[in-house]
Each structure stands twice: as structure tokens, then as C-alpha cells.
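[1] Sequence and predicted model, in that order:
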Amino acid sequence: MNEIIVKRIREARLERDLTQHDLAEYLGRSTAAISELERDRVQVTASDLYLVAQLLNKPIEYFYGEEYGDKEIQDLIAILRKQSPEGREQTIKTTSMLLEMYKYAQFAESNPGNELPIEEVTNFFGRLLNYKKNINNLQIQLDKIISLFAEELKKQGIDISNYSN
């Protein structure tokens, strides 16, 4: 089993354009230790594998040889797992709404003059308004974070005038 794990670690590391040195620094190990690991000369610890999964943005199952679709699917799984339950719920709601908006836009584009059933339109419109409220709340939070970072950069003497809003 370790052979599969170390092979996957190497593949994922290279996919992310990271060196053995990068991985070694992240894990607090020497580059030689990572070389030994990738040549299957030492056993991967569970804690190291967890950290590697975090760094390389892969679900832990990936390293055991399980497939979860292409790289983008694996990235999404890893990102969702890093989020709080509330964050995952919000991400899923947002993604669902974006897919639904895309579906309606495609319908309108490919069926000019055809109308959707009024119940479907009103139901979607209500969800769309709720989505807009959520986006507005996110915008407020984003503005606060930007202000905090801008203040910190100014304190550090960094000119932020080259950044545009």
C-alpha cells in the first residue's frame, strides 16, 4: 500500500509544480527524507499524509489509489473538506444557483420566444433574489477584509495605489 501512496504523493507534487524541497519545508523534513519517502524507502505517517493532502489539495483517499474524477473534481473535494459545515453548505448553494442560472440562460438563448412555465419562473426568481441577498452580504464581508489588508499594507509602508478596485 505504501508504494501506491508514495507514487501518488510524487504525482500530485509534480502536478502542483512543487519540488521535493518545497514538500520538505512544509513537512519540516529534509529534502533527503522526502527523496527517501518518494522512493518508498520509508513509511508515510498518517499525520504526514494528512499534511500532504492539505498542501497538494487532494482528498486523502486519492493517495490510497481511489479515483474521484479528474483534477478539478479532486480539488473541489479537498476544498469542500477544508470548509466548515456552514461553508460547505454555502458553497453548494452558490454552485447550485450558478448552474441553474446557466441552465436558464442557455434555455433562453436556444429557445427565443419560448416561455418557461410561470411557476418555474416565479420559483427561480424567489431563489435568485435570496441569492442576491447572500452575494450582497459576501460583498460587505469582502469589503471589510480588503480594508483590513489595505490598512495593514499601509502600516508596513507598502504603496497600494497601483492596485485597482
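    Good, I have the coordinates. No experiment lies behind these values; they were computed from the predicted model shown.

[2] And this structure, split by domain according to the record?
    2-72, 84-155 (automatic domain parsing).

[3] Let me know which of the ones you listed is tucked in deepest.
    domain 2-72 (a mean of 15; mean count of other CB atoms under 10 Å). All C-beta atoms are positioned from the backbone trio N, CA, C, and that covers glycine.

[4] Start and end of that domain, how far apart?
    End-to-end distance for domain 2-72: 25 Å, by CA to CA, to the nearest Å.

[5] separation between the closest residue to Ile160 other than its chain neighbours and Ile145?
    Leaving aside its chain neighbours, Ile160 sits nearest to Leu153 (5.3 Å; criterion: CB to CB, 6 or more residues apart in numbering). Distance of Leu153 to Ile145, computed by CB to CB, to the nearest Å: 13 Å.

[6] if you average pLDDT over the host helix or strand of the residue nearest to Ile160, what comes out?
    Here Leu153, judged by DSSP states H and E, is contained in helix 118-155. For helix 118-155, the mean pLDDT works out to 90.

[7] ok now that helix, how far from the chain's centre?
    19 Å (CA atoms, centre = their mean, to the nearest Å).

[8] quick one: low-confidence parts of this structure?
    Along the chain, the parts satisfying pLDDT under 70 run over 1, 164-165.

[9] just the helices in it please.
    2-15, 20-27, 31-38, 46-56, 71-82, 85-110, 118-155 (DSSP state H).

[10] Give me the contact list for the first one.
    Counting by CB atoms under 8 Å, 6 or more residues apart in numbering, the neighbours of helix 2-15 from elsewhere in the structure are 19-20, 22-23, 37-40, 43-44, 49, 52, 56, 58, 62-65, 71.

[11] returning to what we had before: okay, the helices of the chain in TSV with distance to Asn162 next?
    Compiled in TSV, the helices of the chain are given as follows (distance: least, CB to CB, whole Å):
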stretch	distance to Asn162
helix 2-15	33
helix 20-27	29
helix 31-38	36
helix 46-56	31
helix 71-82	30
helix 85-110	31
helix 118-155	11
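
[12] Just the CA coordinates for stretch 110-122, please, in CSV.
    C-alpha atoms of stretch 110-122 as CSV (Å, rounded to 0.1, in the frame of the first residue of the first chain):
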residue,chain,number,x,y,z
SER,A,110,-31.5,28.4,-27.6
ASN,A,111,-35.3,28.9,-27.4
PRO,A,112,-36.0,32.5,-28.2
GLY,A,113,-39.7,33.3,-27.9
ASN,A,114,-40.5,30.2,-25.9
GLU,A,115,-41.7,30.8,-22.4
LEU,A,116,-41.0,28.8,-19.3
PRO,A,117,-43.9,27.8,-17.1
ILE,A,118,-44.8,30.7,-14.8
GLU,A,119,-44.5,28.6,-11.7
GLU,A,120,-40.9,27.7,-12.6
VAL,A,121,-40.1,31.3,-13.3
THR,A,122,-41.5,32.7,-10.1
